[in-house]
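*Asks:* sequence first, then the predicted structure:
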Amino acid sequence: MPFPSFTAADFKVFDVDGFAPRMAAIRSRIRPKLEAAGRDLLPDVTRIGGAEAFAHVAKHMRRTVNPPDDTWVAFAADKRGYKKHCHFKVAISRGTVRFLFEAGPEHAQKKKWIAAWRRHAPKLAPVLRRTKGLAWFKNEHDETPAAFLADLSLDEVTHLVDELTRTRNGQLVLGRVVSAEDTARWKPADYARAARETFHVLAPLYRLR
């Protein structure tokens, strides 16, 4: 099915108490929509990213007790998974939809990617700072950004990459956040446009080698 948009009821899934009931609600209400979003956006991600991409809908296999506070579809240039690579993500949570770029703690070529970012940061960082609404998140699950890039100096944006190695679970997460109240009124085309625009400006980071 084509992506039918998220509704107000979809966001309330994250208010469901208990692991099993919330997971059941995610599987029945949210996962089919994320799968549809993955199919719809995959050609755009392949084009923007410059290589064949694959969509991966979160299954939360590592969780057995605490119910997830968000869920997502991720895009990466690897059919087997996304966590070892830079990836894009569309995530839904209790209060937001987020369109993200992530380099996570399991990135297989973390040091190599950081070196590439440092080489290209003088050209990339100014563009990122000028992009309206683009933000930095301390954690991939955060609904509230730690800072908007426009409010950071060039040096501060450049050094955000240090988050990847600051701790064992270090990550770099950039993107846009839209409130549930706003997105519940969106049409499918609005989601696709927001994803394309965000992924396009962050594509140079996705392509860094």
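*Replies:* Thanks, I have the structure now.
*Asks:* got the buried residues for the helix or strand of the chain with the lowest mean pLDDT?
*Replies:* Lowest on mean pLDDT, DSSP states H and E among the helices and strands of the chain sits helix 163-166, with a mean of 88. Across helix 163-166, burial judged by 16 or more other Cβ atoms under 10 Å covers Glu163, Leu164. To be clear about C-beta, it is placed using only N, CA and C from the backbone, and glycine gets the same treatment.
*Asks:* now Val173: phi and psi?
*Replies:* phi -130, psi 120 (degrees, to the nearest 10).
*Asks:* swap in the one 4 residues further on?
*Replies:* With angles defined as degrees, to the nearest 10, Val177 shows backbone torsions of phi -120, psi 140.
*Asks:* from the chain's centroid, how far away is stretch 77-92?
*Replies:* Remark: stretch 77-92 is offset 9 Å from the chain centroid, using Cα atoms, centre = their mean, to the nearest Å.
*Asks:* could you work out the end-to-end span of it for me?
*Replies:* With Cα to Cα, to the nearest Å as the measure, the first residue of stretch 77-92 is 22 Å from its last.
*Asks:* ditto for stretch 77-95
*Replies:* Termini of stretch 77-95 sit 29 Å apart (Cα to Cα).
*Asks:* and if you look at stretch 10-20?
*Replies:* Span of stretch 10-20 from end to end, Cα to Cα: 17 Å.
*Asks:* for it, buried residues please.
*Replies:* Buried residues in stretch 10-20 (16+ other Cβ under 10 Å): Asp10, Phe11, Val13, Phe14, Val16.
*Asks:* which helices and strands does the strand or helix carrying Ala194 pack with?
*Replies:* In this assignment (DSSP states H and E), Ala194 forms part of helix 188-207. Helix 188-207 sits against helix 31-49, strand 87-93, strand 96-103, helix 110-130, strand 172-179, with contacts defined as 3 or more Cβ pairs under 8 Å, 6 or more residues apart in numbering; DSSP states H and E.
*Asks:* cutoff 7 Å now
*Replies:* helix 31-49, strand 87-93, strand 96-103, strand 172-179 (3 or more Cβ pairs under 7 Å, 6 or more residues apart in numbering; DSSP states H and E).
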